[in-house]
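Undergrad: Fold the stuff below for me.
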Amino acid sequence: MLEIRQPFRDFVYSTSNESGSPVYVRASGKPVFDAKGNFLGYRGTGADITAIIRADHAEEALRKAQMELAHVARVTTLGELTASIAHEVNQPLAGVVANAEAGLRWLDRGIPGLDAARRSMEMIIGDGNRASEVIRRVRALAKKTDIEKVSLEVNELLSEVIVLVRGELISQQVSVRTEFASALPNILGDRVQLQQVIINLVMNGIEAMQSVTDRQRELVIRSGQDETSRVFVRVSDCGVGISAENADRLFNPFFTTKSSGMGMGLSICRSIMEAHGGRLWAASNAPHGATFQFTLPVNADTAR
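TA: Residues are numbered from 1 along each chain as shown. Reported below is the predicted structural model:
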């Protein structure tokens, strides 16, 4: 710009003061010519912006430190999350085995049931993809990536989960009653993580009814909006319920009432809800069972 005699604006350069510390200057100028058009020089202004630049550098350093801290936090949670990976991945893998066995039975019949076998293969693919997605999201926690939040329909998520746990529902002789509110606004969230929460709540409800023999084993899944316009999901069972002494400890890491449990499922579910700006809690039902409920804020872009 100087060589071709053009004006310049907000050019920032650095120099050093007497102590050797950097000093930053922002300058603007325009060329000055005499009556004959001869270049005389530049006229302009310069301002010491050292304080502003240092503040920007400090803010950038803080931002990097926060990113590193968030990364460390995610890696730390991996230690807790690893305890539940076997449970999360075992569900789709169990589905793969069950559907493969069913497919073989259809093929081994005198007249092979090709349509039924094909459906079994499709379910195997779905379960395999879900197991792969769980692992992919766990690996993503160890990388410097954010939660993959997209606009989601809660009722669609719930329907997908019911399909995923259908085998367990059948084997445990549990019926499902759905009460989905229509025209719910979308929420913003990570599909796989929210599916993991719902599956965990559904599986807990199924397991809570294993000892029930004097009444129908029924799981009720509801969706709707509360008085604050947040979207809610409720999973209710008619099982053994929640004892008073356990009510305050349900979501504590490593606390479990199951002989083979690791006590990480509900703790991780609550962490996922909090990361989505939501809330998760539980309450006893009268006369039987318990209800687990979570709420999530709506996606502002779809709520208008």
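
Undergrad: make it CA atoms for all contacts and neighbour counts henceforth
TA: OK.

Undergrad: give the contact list for residue 211.
TA: Counting by Cα atoms under 8 Å, 6 or more residues apart in numbering, residue 211 makes contact with 239-240.

Undergrad: and it, that one's in a strand?
TA: No - counting by DSSP: H, G, I helix; E, B strand; the rest coil, residue 211 is not part of a strand but coil.

Undergrad: what residue of this protein is the furthest out?
TA: Residue farthest from the centre of the chain, counting by Cα atoms, centre = their mean, is residue 36 at 70.1 Å.

Undergrad: quick one: secondary structure of it?
TA: coil.

Undergrad: Please name the residues that touch it.
TA: No contacts exist for residue 36 under Cα under 8 Å, 6+ apart.

Undergrad: same thing with the one 10 residues further on?
TA: With contact taken as Cα under 8 Å, 6+ apart, residue 46 is in contact with 25-28.

Undergrad: Phi and psi next, for the spatially most central residue of the chain.
TA: With distances taken as Cα atoms, centre = their mean, residue 190 lies nearest the centre of the chain, 3.8 Å away. Here is the backbone geometry of residue 190 (degrees, to the nearest 10): phi -90, psi 120.

Undergrad: you'd agree it is up against residue 150?
TA: Yes - here residue 190 lies in contact with residue 150, judged by Cα atoms under 8 Å, at a distance of 6.3 Å.

Undergrad: so which helix or strand takes in residue 196?
TA: Per DSSP states H and E, residue 196 falls inside helix 191-208.

Undergrad: ok, now residue 40?
TA: According to DSSP H and E, residue 40 maps onto strand 39-48.

Undergrad: So what are the sheet partners of that strand and their directions?
TA: Applying DSSP bridges, strand 39-48 is found paired with strand 22-33 (antiparallel).

Undergrad: in stretch 275-290, what counts as buried?
TA: Going by neighbour count (16 or more other Cα atoms under 10 Å), the buried part of stretch 275-290 is 276, 278-280, 282, 284-285, 289-290.

Undergrad: could you dump those to CSV with distance to residue 54?
TA: Converted to CSV, the buried residues of stretch 275-290 look like this (distance: Cα to Cα, whole Å):
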residue, distance to residue 54
276, 35
278, 38
279, 40
280, 43
282, 50
284, 56
285, 59
289, 60
290, 56
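
Undergrad: would you list the residues you listed in TSV and tack on secondary structure and distance to residue 114?
TA: Conversion of the buried residues of stretch 275-290 to TSV gives the following (DSSP: H, G, I helix; E, B strand; the rest coil; distance: Cα to Cα, whole Å):
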residue	secondary structure	distance to residue 114
276	coil	43
278	coil	45
279	strand	46
280	strand	44
282	strand	45
284	strand	46
285	coil	45
289	coil	41
290	strand	42
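
Undergrad: Distance-wise, check the nearest residue to residue 176 once chain neighbours are set aside relative to residue 162.
TA: In space, residue 176 comes closest to residue 219 once its chain neighbours are excluded; the distance is 4.8 Å by Cα to Cα, 6 or more residues apart in numbering. Distance of residue 219 to residue 162, given as Cα to Cα, to the nearest Å: 11 Å.

Undergrad: more neighbours, those two?
TA: Using other Cα atoms under 10 Å, the more surrounded residue of residue 219 and residue 162 is residue 219, with 23 against 18.

Undergrad: I'd guess the more buried one is in a strand, am I close?
TA: Yes - assessed by three-state DSSP, residue 219 belongs to a strand.

Undergrad: Against residue 242, how distant is it?
TA: 16 Å.

Undergrad: the helices in this protein, which residues?
TA: Here the chain has its helices, by DSSP state H, at 50-108, 114-141, 154-164, 166-171, 191-208, 244-247, 265-275.

Undergrad: Put together JSON lines for the buried residues of stretch 275-290, with pLDDT and distance to residue 204 on each row.
TA: Shown next, in JSON lines, are these (pLDDT from 0 to 100; distance: Cα to Cα, whole Å):
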{"residue": "276", "pLDDT": "90", "distance to residue 204": "22"}
{"residue": "278", "pLDDT": "92", "distance to residue 204": "20"}
{"residue": "279", "pLDDT": "91", "distance to residue 204": "18"}
{"residue": "280", "pLDDT": "91", "distance to residue 204": "14"}
{"residue": "282", "pLDDT": "86", "distance to residue 204": "12"}
{"residue": "284", "pLDDT": "86", "distance to residue 204": "14"}
{"residue": "285", "pLDDT": "87", "distance to residue 204": "15"}
{"residue": "289", "pLDDT": "89", "distance to residue 204": "11"}
{"residue": "290", "pLDDT": "90", "distance to residue 204": "10"}
